[in-house]
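Asker: generate a structure from the sequence data that follows.
(one chain, ligands or ions: 2)
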Amino acid sequence: MRAARETWITIHPRFSHVAFDPEQVYEISLSPAEGVRGQMGAAKEEHLLLKPENGDLRFPLQIEGEQEYVVFLQAADRRIAEFRLYALEEDLFARRPYKGDFHMHTCYSDGKESPAYLTAACRKIGMDFMAITDHARYYPSLEAIEAFKDAPVDLRIYPGEEVHPPNNRVHIVNFGGSFSINELFHSDQYLAEVRAIAASQEIRVEGGSLDESARYPYASCVWCFEKIREAGGLGIFCHPYWYSGRAYDVPVALTDLLFEHQPYDALELIGGYHLHEVESNTLQVARYHDERAKGKSIPVVGVSDSHGCEAGNLFGWYYTIAFSPSLDLPDLIASIKDLYSVAVEALPNEAARAYGPFRLVRYAQFLMREIFPLHDEYCLEEGRLMLAYAAGERECAADLRRLQGRVAGLYKRLWAEA
Ligand SMILES: [Zn+2]
Ligand SMILES: [Zn+2]
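Answerer: Numbers count the residues shown, from 1 in each chain. Ligands and ions are numbered 1, 2, ... in the order given. The predicted structure is shown next:
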């Protein structure tokens, strides 16, 4: 619901065993999780006494400030139910939370499954949008789009690739770009333009000029990120603290330069690290906080970097929540760039944790507890049908059509639109 505005809340029993007794008076207790603005004492609970109208309980509520509200429902001194409400400022209320993973590999590089299989598997675990990003290959992502082009699915499937510039160790994800960056490396233009960037003043660091050894790879990164933007994509600086055997895969001098000048669009804050590597995510989060403390704005994403969705590793462990007006690519990219996203770590048998700006993390934790379990169930049904469809059972298209719009319908029911 919107903060600072009166909103009518409806408690609607959907099953007979929880139906309200029309003659019973019910008590609603309301508590703000953060208390009342400007008051240091414990927040006073508000109490309302209500009788059901047409089977529902309805009451007006106004919440000052963005926060969670706890609602207890009682009848004759017995607690019947507990609900959670969340009040949002206008900018966040106008957006909807969407889950996405856009760094994943298929059998066309070093992953296991085909693009169509991986795509259906993404819907099964609750993704609203995704992109396949094979190493140096763009076409697998197009194959995923092609596989479902005639199927009525709500999952939004976008193009992507992991970009590996020659003689540059930095990994870059091109999410959503309308053409391949990897395919441009064969041209003479690439080297000429990178040399021109390397020679420019822009990449001089404080206290002197850049070391010759870092000049080319840094310029190469700048070139890649510019090309991705030209393609209408989001350029992601991948796994900066990936420890490959005996050293960080990317020399820290180069990582420092990328953090300092920020040629990228978004940072892979939470990357696809196996359990023995999660320390790298800890370092990325610590570095992010240090850079933020210097006053930098850093758009963040979380991605699984999965190399097989049935292997039990990485797939579904890490993802992004984008707070976006829609699932259209330009909206998603703009929302991430405008700092409306968090990176999520959801390791097996552990509580999910969101990372990013405080305000969004607080909201994301509420969503993961209260809303996404419902959302994910709808996705699971669709994902199963998508898998059957991809396996050749074309008659599943009719079932998919019947299920279309369910997540949107859930959001419509839960958001208290005026
Ligand atoms: Zn990589
Ligand atoms: Zn990768």
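
Asker: what about Glu370, how many residues close to it?
Answerer: 15 (other Cβ atoms under 10 Å). Yep, even glycine has a C-beta here, placed from its N, CA and C like the rest.

Asker: get me the contact residues on the chain for ligand 2.
Answerer: Glu162, Asp305 (Cβ under 5 Å from the ion).

Asker: can you get me a residue count around Glu277?
Answerer: Counted with other Cβ under 10 Å, Glu277 comes out at 15.

Asker: now do the contacts for the residue lying closest to it once chain neighbours are set aside.
Answerer: In space, Glu277 comes closest to Tyr243 once its chain neighbours are excluded; the distance is 6.8 Å by Cβ to Cβ, 6 or more residues apart in numbering. Residues near Tyr243 by Cβ atoms under 8 Å, 6 or more residues apart in numbering: Asp249, Glu277, Glu279, Ser280.

Asker: okay, and which of these map to helices?
Answerer: Of these, the ones assigned to helices by DSSP state H are Glu279, Ser280.

Asker: from the contacts of Tyr243, which is closest to ligand 2?
Answerer: Looking at these and their distance to ligand 2, the nearest is Asp249, at 11.4 Å (Cβ to the ion).

Asker: count of neighbours near Cys396?
Answerer: Cys396 has 18 nearby residues by other Cβ under 10 Å.

Asker: out of the contacts of Tyr243, which end up buried?
Answerer: Among those, the ones that count as buried by 16 or more other Cβ atoms under 10 Å are Asp249, Ser280.

Asker: from the contacts of Tyr243, which two are the most distant?
Answerer: Spatial extent of the contacts of Tyr243 (Cβ to Cβ) is set by the pair Asp249 and Glu279 at 14.0 Å.

Asker: flag the helix or strand of this protein with the lowest per-element mean pLDDT.
Answerer: Across the helices and strands of the chain, mean confidence by mean pLDDT, DSSP states H and E is lowest for strand 243-244: a mean of 88.

Asker: how far is it from where the chain is centred?
Answerer: Centroid displacement of strand 243-244 relative to its chain, using Cα atoms, centre = their mean, to the nearest Å, is 25 Å.

Asker: do the same with stretch 6-19
Answerer: 30 Å.

Asker: now it: buried residues?
Answerer: Thr7, Ile9, Ile11.

Asker: which residues are in contact with the first one?
Answerer: For Thr7, the contacting residues are Met1, Pro60, Leu61, Gln62, Ala416, by Cβ under 8 Å, 6+ apart.

Asker: ok, now the second one?
Answerer: Counting by Cβ under 8 Å, 6+ apart, Ile9 touches Met1, Arg58, Phe59, Pro60, Leu61, Val71, Leu85, Ala416.

Asker: one more time with 7 Å
Answerer: Arg58, Phe59, Leu61, Leu85 (Cβ atoms under 7 Å, 6 or more residues apart in numbering).

Asker: among those residues, who's most crowded?
Answerer: Leu85 (21 neighbours).

Asker: look up phi and psi at it.
Answerer: phi -120, psi 160 (degrees, to the nearest 10).

Asker: give me the number of residues near the residue nearest to it when sequence neighbours are not counted?
Answerer: Spatial nearest neighbour of Leu85, chain neighbours left out: Tyr69 (4.1 Å); criterion: Cβ to Cβ, 6+ apart. For Tyr69, the neighbour count with other Cβ under 10 Å is 19.

Asker: for Val36, see how far away Tyr69 is.
Answerer: 12 Å (Cβ to Cβ, to the nearest Å).

Asker: the stretch 1-150 of the chain: strands as residue ranges?
Answerer: 7-11, 26-32, 46-50, 57-61, 67-75, 78-87, 96-101, 129-131 (DSSP state E, counting those that start in this stretch).

Asker: residue contacts, the residue nearest to Arg406 when sequence neighbours are not counted?
Answerer: Once flanking residues are discounted, Arg406 sits nearest to Tyr378: 4.3 Å by Cβ to Cβ, 6+ apart. Contacts for Tyr378 were tallied using Cβ under 7 Å, 6+ apart; they are Arg406, Val407, Leu410.

Asker: partners of Ser306 in the sheet?
Answerer: Beta bridges link Ser306 to Met104 when assigned by DSSP bridges.

Asker: is it in contact with Met104, as I believe?
Answerer: Yes: with contact defined as Cβ atoms under 7 Å, Ser306 reaches Met104; the gap is 4.8 Å.

Asker: the more surrounded of those two?
Answerer: Using other Cβ under 10 Å, the more surrounded residue of Ser306 and Met104 is Met104, with 34 against 25.

Asker: surely the more buried one and Thr119 touch.
Answerer: No: the pair Met104 / Thr119 is not scored as a contact, 9.3 Å apart, by Cβ under 7 Å.

Asker: and stretch 356-364, what's buried?
Answerer: Those would be Gly356, Pro357, Leu360, Val361, Arg362, Tyr363, Ala364, for stretch 356-364 by 16+ other Cβ under 10 Å.

Asker: pLDDT score for the residue of the stretch 251-400 of the chain found nearest ligand 2?
Answerer: Going by Cβ to the ion, ligand 2 is nearest to Asp305 of the stretch 251-400 of the chain, at 4.4 Å. You'll see Asp305 listed with a pLDDT of 98.
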